[in-house]
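> Sequence first, predicted model second:
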Amino acid sequence: MQKVNPINKDLELKNNDIVLINNLHCVFNEGQENQVNALNGVDLSFEKNKIHFIIGNSGSGKSTLVYHFNGLIKSKKGDLNINNFLILGNKRKIKNPKKLRRIVSMVFQFPEYQLFKDTILKDISFGPKVLGIPKIKAEKYNLEIIKEYIKNEHEFKNKIIHYFNINDFDKFLDDLNLKIKYNKKTKLTKIKIIYNKKSYSTNISINYKTTDDISYDDSLKYLEEMGLDESYLERNPFGLSGGQKRRVAIAGILAIEPNILIFDEPTAGLDPMGEQEMMETILRAKNKGQTIVVITHTMDHVLQIGDNVIVLKDGKPFLSGDPYDVFLNPKLLTETKMEVPKIIDIINRLVSKDKKYKKLYELKPRTIEELSAAITKIKKGK
C-alpha cells in the first residue's frame, strides 16, 4: 500500500474517511484568453461506506472534481488522498495508475457507449483483466485452497510437520511460501513448499482456478446482479436493447470491485423503473462496503438514498451535510438554481397550511411511502 508521506500531515485520513482533498485547483486553458477556473480551492473529505451526492448548477465543477479521483484529470495545485493512495499536485505524473483505478472506478453517463467487444463476457471481463484483478484473485484463491488442503489432509499435514520440523503449524500456514504450477492435462497442481531453507514438492488435487475461471465467475456474478442470466455471456452486446447494454456496461465496472464507485448522471435517459433499478444497484454496492459518489441533477434521488450531499458553486463547496439540512437551508434557493426534492416541497406546502406538520422535518421521510406514514402518524397525534 502506498503510504502517506509523514511530512504531509494535512493529507492523513482521519476517523472513517476514505477520500481527502486539500486545496484542489483546476485550470483549463491556463494563461489563454479562454482560461477557465473549474475548481477554486476545494477542501473536502468523504466518509467510507456512505453514499455521497454531488450537486450544483451546470459548470459548477462536479465532473471535474470526481475525474481527479481516479486520475482522469491531474492538476498542478492541490493534493488528494484516495484510500491512502496519494495524488500530489507537485508531482507531474501519477505513479501506478492501475492501482489507483482498482481503488476507484467510474460509471460514466451513458456507459453503454463504452461497449466494444464481440461478446458480453469479453466486455465485462476487459476492465478487470487490464487491471490485473483476475490474476490477483486467482493467486489469493488458490493459496487459500492449498492452505485448506494442507490443514485438513492429516496424512499430508503430518508429513509436512515432520519434514520441516514445524513447531507452530498455524504460523507456518500464515507465512506459507510456495510455488504453484497447474497442469491442465492431468488437472493436478504441483506445489513447492519452501521453509527453513528446505523445499518439498508434490502434486495435489484441488479445485484450482485459472484467471479465466475467475473472469468467468465474476462476469456471471455481476451480470446476474444486473438482472441478466448466463445465456447472455456469449451474445454480442450490440444486439441488446439500450437498457440491457447499460446493464452490461455497469456489470463491467462492478466486476472491478473497487473501494470507491463513482456514478456520473447514472439515471440519464432511463424511465422510472430504470431509475429505481439504478438506485437499488447503488444501495447494493453500499451494502457490500463500497463508498459511492454520485453526480446528479435529480434531487429526489439525493433525498431517497443519500447519506451526504455536497453542493458545488463556482468550483468550490457551498453547502454540505445531511440531505434534509442542505435542502432546508434557505441559501440553496436564494444563491443557486437548485430545486428541492418533491417530498420536501410537499412538506413545505403542508407546513404553510398547518404548523403541526413541522414535525415532518424531524421525521425526515425519504420516500412517498415514508411521507404517507409520517403524515398519518401526525394526524393521529403520535
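Right, received. Where do you want to start?
> only C-alpha atoms for contact and neighbour calcs from this point on.
Fine.
> Direction included, what does the helix or strand that contains Met106 pair against?
Met106 belongs to strand 104-107 when assigned by DSSP states H and E. Note on strand 104-107: by DSSP bridges, its sheet partners are strand 260-264 (parallel).
> Please work out the average pLDDT along the partner strand.
If you average the pLDDT over strand 260-264, you get 97.
> what's the strand or helix carrying Ile194 packed up against?
Using DSSP H and E, Ile194 maps to strand 188-195. Contacts defined by 3 or more C-alpha pairs under 8 Å, 6 or more residues apart in numbering; DSSP states H and E place strand 188-195 against strand 178-183, strand 198-204.
> Any buried residues in the shortest one, and which?
The one in question is strand 178-183. Tyr182 (16 or more other C-alpha atoms under 10 Å).
> Residues in contact with it: which ones?
Outside strand 178-183, the residues within contact range by C-alpha atoms under 8 Å, 6 or more residues apart in numbering are 188-194, 208.
> Helices along the stretch 251-382 of the chain, start to end?
272-287, 299-305, 323-327, 330-335, 342-353, 359-363, 368-379 (DSSP state H, counting those that start in this stretch).
> the domain parsing of this structure - what is it?
1-118+236-337, 134-204, 341-379 (automatic domain parsing).
> Past the helix ranked longest in the chain, which element shows up next along the chain?
Taking DSSP state H as the criterion, the chain has its longest helix at helix 133-152. Sequence order places helix 154-164 as the next helix or strand after helix 133-152, per DSSP H and E.
> ok, back up a step: what packs against the next helix or strand after the strand holding Met106?
On the C-terminal side of strand 104-107, the nearest following helix or strand under DSSP H and E is helix 120-130. Applying 3+ C-alpha pairs under 8 Å, 6+ apart, we find helix 120-130 packed against helix 211-225, helix 242-254.
> send the alpha carbons of the longest one over as PDB?
It refers to helix 211-225. Taking C-alpha atoms only, helix 211-225 is exported to PDB below (Å, rounded to 0.1, in the frame of the first residue of the first chain):
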ATOM      1  CA  THR A 211      -7.500 -16.300 -14.200                       C
ATOM      2  CA  ASP A 212     -10.000 -17.200 -17.000                       C
ATOM      3  CA  ASP A 213     -12.100 -19.200 -14.400                       C
ATOM      4  CA  ILE A 214     -12.100 -16.100 -12.100                       C
ATOM      5  CA  SER A 215     -13.000 -13.800 -15.000                       C
ATOM      6  CA  TYR A 216     -16.000 -16.100 -16.000                       C
ATOM      7  CA  ASP A 217     -17.200 -16.400 -12.400                       C
ATOM      8  CA  ASP A 218     -17.100 -12.700 -11.700                       C
ATOM      9  CA  SER A 219     -18.600 -11.700 -15.100                       C
ATOM     10  CA  LEU A 220     -21.500 -14.100 -14.500                       C
ATOM     11  CA  LYS A 221     -21.900 -12.800 -10.900                       C
ATOM     12  CA  TYR A 222     -22.200  -9.200 -11.800                       C
ATOM     13  CA  LEU A 223     -24.200  -9.900 -15.000                       C
ATOM     14  CA  GLU A 224     -26.800 -11.700 -12.800                       C
ATOM     15  CA  GLU A 225     -26.700  -8.900 -10.300                       C
END
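> Let me know the angle separating that helix from helix 120-130.
Angle, helix 211-225 to helix 120-130, by axes from the mean of the first three to the mean of the last three C-alpha atoms, to 10 degrees: 120 degrees.
> Find the residue at the geometric middle of the protein.
Leu261 (2.4 Å; C-alpha atoms, centre = their mean).
> Isn't that one up against Lys288?
No. Leu261 lies out of contact with Lys288 (C-alpha atoms under 8 Å); the separation is 11.6 Å.
> Count residues in the vicinity of the closest residue to Glu112 other than its chain neighbours, would you?
Spatial nearest neighbour of Glu112, chain neighbours left out: Arg246 (4.6 Å); criterion: C-alpha to C-alpha, 6 or more residues apart in numbering. Arg246 has 24 neighbours, counted by other C-alpha atoms under 10 Å.
> how about Arg246, what does it touch?
Per C-alpha under 8 Å, 6+ apart, neighbours of Arg246: 110-112.
> tell me which of these is nearest to Leu88?
When the contacts of Arg246 are compared for distance to Leu88 (C-alpha to C-alpha), Pro111 wins out at 29.0 Å.
> Check the gap between the closest residue to Glu265 other than its chain neighbours and Gly306 for me.
Here the nearest residue to Glu265 in space, its sequence neighbours aside, is Thr296; by C-alpha to C-alpha, 6+ apart that works out to 4.9 Å. Thr296 sits 11 Å away from Gly306, going by C-alpha to C-alpha, to the nearest Å.
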